[in-house]
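# quick one: sequence and predicted model below, then my questions.
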Amino acid sequence: MTSLRSGPRRRWAYQLDVKGSPYLYIAPFFLLFGLLGMFPLLYTAYVSLTDWNLLDSNREWVGLANYAELLADDYFWNALFNTVSIWLLSTVPQLLAALFIAHMLNRRLRARTLFRMGVLLPNVTSIVAVTIIFAQLFGRDFGMVNWALDLVGLDPIDWQAGTLSSHVAISMIVIWRWTGYNALIYLAAMQTIPEGLYEAARLDGASQFTQFRKITVPMLRPTIIFTAVVSTIGGFQIIAEPLLFQAGTGNPTGGSDRQFQTVGLYLYEQGFSMYEFGYASAIAWSLCLIIVVVALVNFAITRRIRSS
Amino acid sequence: MSAGRIRLVAGVLAVGMLAAGCGGSTSTGSTPAEGKITLALNLFGNMGFKELYTKYEAAHPNIKIVERTSAYNDHHRNLAAHLATGSGTADIEAIDTGFVAQFRSQAQHFTDLRQHGADQLKDRWLSWKWEASLAKSGAQIGYGTDVGGLAMCYRRDLFEKAGLPTDRDEVSKLWPDWTSYFETGKRYTAKKPEGTAFFDGGPQVFNAMIGQAETGYYDTQDKVVVATNPAVRSAYDQVLKAVADGQSAKLVGSSPAWNTGFAKSQFATIACPAWMLAKIQDQAKAFAGQWDVAAIPGGGGNWGGSYLTVPAQGKHVKEAVELIAWLTAPEQQIEVFTKHGILPSTVATYDKPEVTGLKHEFFNDAPIGQIFTTAARSLKPQYQGPRAGDIQTAIRDAINRVEEGKQDTAEAWTQLLGDVERISK
């Protein structure tokens, strides 16, 4: 039978197998992405061009009116300011601390694996539990942070009430959860740096700090770009922490004066408290565009870390 | 039931699920092979039904009852979404007074209970309770369960230390109206034990006050009247005057800090709907016999209370309607009240000796049966508009801004009016 199969036909099947099958293997991802990622994305874009409140069933095409309203909406700009502020307050110290911790973990330590796994522990705890506990720690009357401030003779702070104080408190939650994760990523990258570079530097009399600055950081450049971009995406989408920071009250306003309402939380308020799906979709798309722009800016900045 | 009864754990779980992006709900009751019907109830707190389910299942061997509970706001948000998308509701859904106006405007999503003999049962309930769940079309969307008849709970020991009377009748005489309540607050504050305040937080007192007004946030044409209703501004000003006098513990209702406030004796009085008793008992375990129940200033009042509804999309509408009619019948409601202290809206129970004679040991043997039924009966019903719950939140935030020292009374009021305008547009 095989002899009947002509050469070109077999070759064709072989070609199909080699050239075609990779696409087949990656197809499930793209099918799922299309279904669960692309479709909602496009549908949200469509919804953002309509005036649709979940409570009345009719939907009206309004073009870009939602976006125009958004640009004039003080609460949106307030939410954007809060988001940027919390993102800066959490990301910058977080990545610096992660770099430092990774540098330390990269040395010869006793029980190295234990420490390396240990830094990841905060990341596997439940965000809900962590936020509730931090909200208690930053409590006004019986919080541990105020108790500690009192010990050193400082006045207690109403952490939730103030703009900066609430941003700091929320940033602490983010820092606590994500520093270890980033440290492990940096650590993995550090271990790919050839030891020879450090030896050569030592022979030239470079100090520990110079080695860190001139070898480690430049060699980590792709990783730093990666963490900066990922932190940007995560930081701009932050919602669970500010929502739960006022736990029990059940309202996504982010404090009495919206002092810690982020864009994600404002989206949630408009969509799932006010049921303004059209407006919420417009916020979602604006947030998406803002994240793309900020991530590109970040990429551009971190790319300028000099490669040695 | 009301916002006050949010179970923190349930809230945390629900919010956690939302945060994880899987806020969808499971399907409604299903019919297993042996022909047993499962009826699912979605509630937002303990309504005291657990023992009743067992009883009902015993009498109806083909019925199995499943109860699911989520946090107050999440529950109502999910319900609105499931109604709008046409799937995902349980066979029976609870609705709080604060949301009933919003849902009765979408009566087409609910089973009209008049089709199932509601008119014969009408006389069970206080008339205002019955009317609040009536749609404009005349459809009845729900049967009332509890009402939040109002009283004022107070701490005997703290009153004694501040040189105030402690006997509940004398305490009730201290405050026939809110002006005298705040005057008492001044006396308390002058001699108060360190670390305590007269009341828990401005917004909670405001809620009790506005609940007594003839008109609240809406006129009967569903027009928002927050800016023009003198009762709103007057209550707002009185509360913030008292806050300025240092009478408030500045705790946000239902927050974890508020819960702690009970245990740490941060306040001496709290506006106390019937369902609050269970809350106080849970949070202030160490103070049994120190809490007591006096009359609410201004006489009568309501805060919270719920309905059971049957969404039209359910698979077992007939069985669900039978169950809610049974659960809200006077016999069952008496049991709920005597076991859990949740005050029925079925007026027929108010004459029963086991209701009127009920005393509460934790509250120094206060005659809660008599206090709460009197409050519920003397209530002047107030018209509730569709977004009353959101307006309530906006007012809470405004009062909080002043309590936190971020704004003065006038600034907070201006911002409040802007917020209310956005809500009502």
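Perfect, thanks for sending it.
# drop to CA atoms for contacts and neighbour counts, all remaining ones
Will do.
# so which other helices or strands are in contact with the helix or strand hosting B:D146?
Assigned by DSSP states H and E, B:D146 belongs to strand B:142-155. Packed against strand B:142-155, as judged by 3 or more C-alpha pairs under 8 Å, 6 or more residues apart in numbering or on different chains; DSSP states H and E, are the following elements: helix B:127-132, strand B:267-273, strand B:291-294, strand B:302-309, helix B:368-377.
# what about A:A300, how many residues close to it?
Per other C-alpha atoms under 10 Å in any protein chain shown, the neighbour tally for A:A300 reads 12.
# pull out the buried residues from the helix or strand where it lies.
Applying DSSP H and E as the criterion places A:A300 in helix A:277-303. In terms of neighbour count (16 or more other C-alpha atoms under 10 Å in any protein chain shown), helix A:277-303 has its buried residues at A:277-287, A:291, A:295, A:298-299, A:302.
# next one: stretch B:344-351
B:344-350.
# how far does it stretch from one end to the other?
With C-alpha to C-alpha, to the nearest Å as the measure, stretch B:344-351 spans 12 Å from end to end.
# distance from the chain centre to it, please.
17 Å (C-alpha atoms, centre = their mean, to the nearest Å).
# pLDDT on the helix holding A:A300, on average?
The average pLDDT within helix A:277-303 is 92.
# show me what residue of the stretch 101-250 of chain B gets nearest to chain A.
Using C-alpha to the nearest C-alpha, B:Q106 is the residue of the stretch 101-250 of chain B that sits closest to chain A, at 7.7 Å.
# give me the neighbour count for whichever residue of the stretch 301-425 of chain B sits closest to chain A.
Nearest residue of the stretch 301-425 of chain B to chain A (C-alpha to the nearest C-alpha) works out as B:D397 at 4.3 Å. Here the count is done by other C-alpha under 10 Å, and B:D397 has 22 residues near it.
# look at A:E60 and give its secondary structure.
For A:E60, the secondary structure call by DSSP: H, G, I helix; E, B strand; the rest coil comes out as strand.
# name the element A:M117 belongs to?
Using DSSP H and E, A:M117 falls within helix A:112-118.
# just checking, what packs against that helix?
Helix A:112-118 packs on helix A:74-105, going by 3+ C-alpha pairs under 8 Å, 6+ apart.
# relative to helix A:277-303, how tilted is the helix it packs on?
40 degrees (axes from the mean of the first three to the mean of the last three C-alpha atoms, to 10 degrees).
# what about the residue nearest to A:S165 when sequence neighbours are not counted, distance to chain B?
Computed as C-alpha to C-alpha, 6 or more residues apart in numbering or on different chains, the closest residue to A:S165 that is not its neighbour in sequence is A:W159, at 5.0 Å. To chain B, A:W159 is 11 Å away according to C-alpha to the nearest C-alpha, to the nearest Å.
# so A:W159 touches A:G139, yeah?
Yes: assessed by C-alpha atoms under 8 Å, A:W159 is found in contact with A:G139 at 7.0 Å.
# give me the low-pLDDT residue ranges for chain A?
Within chain A, the segments meeting pLDDT under 70 span A:1-6, A:57, A:247-250, A:306-308.
# okay, and the residue most central in space within it sits in which element?
Closest residue to the average C-alpha location of chain A: A:G234 at 1.4 Å, with C-alpha atoms, centre = their mean. Using DSSP H and E, A:G234 maps to helix A:221-236.
# which strands and helices lie in contact with that helix?
Under the contact criterion of 3+ C-alpha pairs under 8 Å, 6+ apart, helix A:221-236 touches helix A:74-105, helix A:163-190, helix A:277-303.
# can you rerun that using 10 Å?
Helix A:221-236 sits against helix A:74-105, helix A:163-190, helix A:217-219, helix A:277-303, with contacts defined as 3 or more C-alpha pairs under 10 Å, 6 or more residues apart in numbering or on different chains; DSSP states H and E.
# to A:I173, which of the helices and strands packed on strand B:142-155 lies closest?
strand B:267-273 (30.6 Å; C-alpha to C-alpha).
# quickly run through the sheet partners of that closest one, with directions.
Applying DSSP bridges to the sheet, strand B:267-273 is found paired with strand B:142-155 (antiparallel), strand B:197-199 (parallel).
# in stretch A:81-89, which residues are buried?
Using 16+ other C-alpha under 10 Å as the test for burial, stretch A:81-89 gives A:81-89.
# need the pLDDT of the residue nearest in space to the middle of chain B.
Nearest to the geometric centre of chain B sits B:G304, at 2.3 Å (C-alpha atoms, centre = their mean). Model confidence at B:G304, given as pLDDT, is 83.
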